[in-house]
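**Student:** Whatever this is, show me its structure:
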Amino acid sequence: MAEQHGLVIENGLLKKYEGHGGRVVIPEGVTEVGDRAFQHCKELTEVSTPATVKRIGKGAFRYCENLKGIALGAGVGEIDDEVFQGCFSLRRIALPAGVRRIGRRSFAWCLRLKKVALPAALRQIDAGGFSGCAALAELALPEGLTHIGENAFCGCESLTELVIPQSVRSIGKWAFNDCKGLARVAVTDSVEDFSVFWGCASLEAFVVSPASRRYRAVDGVVFSRDGSRLIAYPPGRRRERYDIPKGTTAFLAGAFDRAPVKVVFAPRGVQCVPGYTSGSENSPCFASGDPALATQVGRYVYLGSLDDLPRRQRRIAAEGFLAALEIGMPELEPWKDGYIDYIREEYVTYEKKAWRNGTVLRLLMDSGMLKPETAETMRRKFDAKGKADLAKALADYLDARAAMQ
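**Tutor:** Take a look at the predicted model:
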């Protein structure tokens, strides 16, 4: 066993570093950096490895918080699990040309990592490979890459552009979730599940190559190549309303999941294809004159007579009606009186909602349903809380009621 400046080496294996950090040059002849060899070495700032090193073990430089630079020799063929996890000061890294795999959480939480050069030989990025790299702004995924793991780039908030290579065969769940600065994504046929882009708040349009055999983009929204199926709505497009175009026969259940659109208008006959979603509270309200759709989505407003729907679905449709009122939907006008009659029947429920929902409150006032004693109590409460607009609206309502008597 030999020791060189704190490096404990045995038969080519660097087992442990017992030095005091700073700059470390691993000597020729070392073939492997052992698991967790430098883990938690807070004084370490720079490391270089010779071409003789073929493997860097799991967690080898894990939480070396002040490591700023790393020069890897040409012999390294993969970056194992958690090798650089938590290296908060690492800003740039160029991976050797022969690296084919980046392991689980290899660069997770490298908070200052701005640029990484990925080699053409890379085939696999495992789960969490670059998760939490908030400063990562430059990234080119090489053609030939086949697998992107779960959470691989989740939380990379500084990424603005991304091209998914055609060679990719699988993308894990949440791979690009919460990449909040991502404004442009070029989608290829390799993308199957668009929920990997949930939380990309700046992504207002998808880009699809005209050569795609699987998809097409219409105004930034992804459809099947023949236009019959709506696949994905951009998660950063903040619109009050979206109208599914004529000719579309179906949309995926998760197509609008977590998108900031408030109401989606679906023409009669358009069906919802069942699939995974994160829950109805994260979906828009669907508006349709087709009662069949009312049973397929979590939130909806029915453009027809409530008598067509079972009792439970009438209640859900009434909630959708209130959501649609906020943006205005002319298609609702023929059915508005029926909704108001239903709300009148269920008055107690909606009186309670009026305390926290301004749309409900104004509807009750406009329809003359709000009881004077309730209105006066609410006026005093809102006045005390500084909600001047609501307090004044309630006062005006009480004055109008008094003038009618």
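**Student:** give me the low-pLDDT residue ranges for this protein?
**Tutor:** Within the chain, the stretches with pLDDT under 70 are 1-4, 279-281.
**Student:** Tell me who's in contact with residue 133.
**Tutor:** By CB atoms under 8 Å, 6 or more residues apart in numbering, the contact list for residue 133 reads 107-111, 113, 153, 155-156. C-betas here are computed from N, CA, C, even on glycine.
**Student:** and this structure, what are its domains?
**Tutor:** 1-58+67-72, 348-405 (automatic domain parsing).
**Student:** returning to that earlier point: put the buried members of the contacts of residue 133 into a PyMOL selection.
**Tutor:** One line in PyMOL is enough to select the buried ones among the contacts of residue 133; burial here means 16 or more other CB atoms under 10 Å:
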select buried, resi 107+108+109+110+113+153+155+156
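**Student:** Which pair of the contacts of residue 133 spans the longest distance?
**Tutor:** Taking every pair in the contacts of residue 133 and measuring CB to CB, the maximum separation is 14.2 Å, between 111 and 153.
**Student:** Spell out, range by range, the helices that occur in the stretch 101-250 of the chain.
**Tutor:** In the stretch 101-250 of the chain, no helices are found when defined by DSSP state H, counting those that start in this stretch.
**Student:** Quick one: the strands in it, in order.
**Tutor:** For the stretch 101-250 of the chain, the strands identified by DSSP state E, counting those that start in this stretch occupy 101-102, 115-117, 124-125, 147-148, 161-163, 170-171, 184-187, 206-208, 215-218, 221-224, 229-232, 241-243, 250-252, in order along the chain.
**Student:** What strands line up against the fourth one, and which way round?
**Tutor:** Meaning strand 147-148. In the sheet containing strand 147-148, the strands it pairs with under DSSP bridges are strand 124-125 (parallel), strand 170-171 (parallel).
**Student:** Deepest-packed of those strands, please.
**Tutor:** With neighbours defined as mean count of other CB atoms under 10 Å, these peak in mean count at strand 124-125, which reaches a mean of 22.
**Student:** ok now it, how far from the chain's centre?
**Tutor:** Distance, stretch centre to chain centre, for strand 124-125: 21 Å (CA atoms, centre = their mean, to the nearest Å).
**Student:** So which residues make contact with that strand?
**Tutor:** For strand 124-125, contacts defined as CB under 8 Å, 6+ apart pick out 100-102, 145-149, 152.
**Student:** Same list (these) but as JSON lines, adding neighbour count and distance to residue 61.
**Tutor:** Output for the contacts of strand 124-125, formatted as JSON lines (neighbours: other CB atoms under 10 Å; distance: CB to CB, whole Å):
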{"residue": "100", "neighbour count": "14", "distance to residue 61": "20"}
{"residue": "101", "neighbour count": "17", "distance to residue 61": "17"}
{"residue": "102", "neighbour count": "27", "distance to residue 61": "14"}
{"residue": "145", "neighbour count": "23", "distance to residue 61": "24"}
{"residue": "146", "neighbour count": "14", "distance to residue 61": "26"}
{"residue": "147", "neighbour count": "16", "distance to residue 61": "24"}
{"residue": "148", "neighbour count": "25", "distance to residue 61": "23"}
{"residue": "149", "neighbour count": "23", "distance to residue 61": "20"}
{"residue": "152", "neighbour count": "25", "distance to residue 61": "20"}
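**Student:** out of these, which one sits closest to residue 59?
**Tutor:** The shortest distance between residue 59 and any of those, using CB to CB, involves residue 102 and amounts to 14.3 Å.
**Student:** and the closest one, what is it in contact with?
**Tutor:** Listed by CB under 8 Å, 6+ apart, the contact partners of residue 102 are 78-79, 95, 122, 124-126, 129-130.
**Student:** at 6 Å what do you get?
**Tutor:** By CB atoms under 6 Å, 6 or more residues apart in numbering, the contact set of residue 102 is 79, 125, 129.
**Student:** count of neighbours near the nearest residue to residue 205 once chain neighbours are set aside?
**Tutor:** Leaving aside its sequence neighbours, residue 205 sits nearest to residue 220 (CB to CB, 6 or more residues apart in numbering; 2.6 Å). With neighbours defined by other CB atoms under 10 Å, the count for residue 220 comes to 16.
**Student:** ok, now residue 228?
**Tutor:** Burial of residue 228 is recorded as 11 neighbouring residues (other CB under 10 Å).
**Student:** how close does it get to residue 9?
**Tutor:** 64 Å (CB to CB, to the nearest Å).
**Student:** ditto for residue 335
**Tutor:** Residue 335 sits 80 Å away from residue 9, taking CB to CB as the criterion.
**Student:** how about the nearest residue to residue 18 once chain neighbours are set aside, what does it touch?
**Tutor:** For residue 18, ignoring the flanking residues on the chain, the nearest one in space by CB to CB, 6+ apart is residue 6 at 4.7 Å. Shown here is residue 6, whose contacts under the criterion CB under 6 Å, 6+ apart are 17-19.
**Student:** coming back round to it: distance to residue 41 added to the strands paired with strand 147-148, as CSV?
**Tutor:** Supplementary listing: these in CSV, determined by distance: least, CB to CB, whole Å:
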stretch, distance to residue 41
strand 124-125, 26
strand 170-171, 35
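**Student:** Grab the nearest non-local neighbour of residue 239.
**Tutor:** By the measure of CB to CB, 6+ apart, the closest residue to residue 239 outside its immediate chain neighbours is residue 261, 5.1 Å from it.
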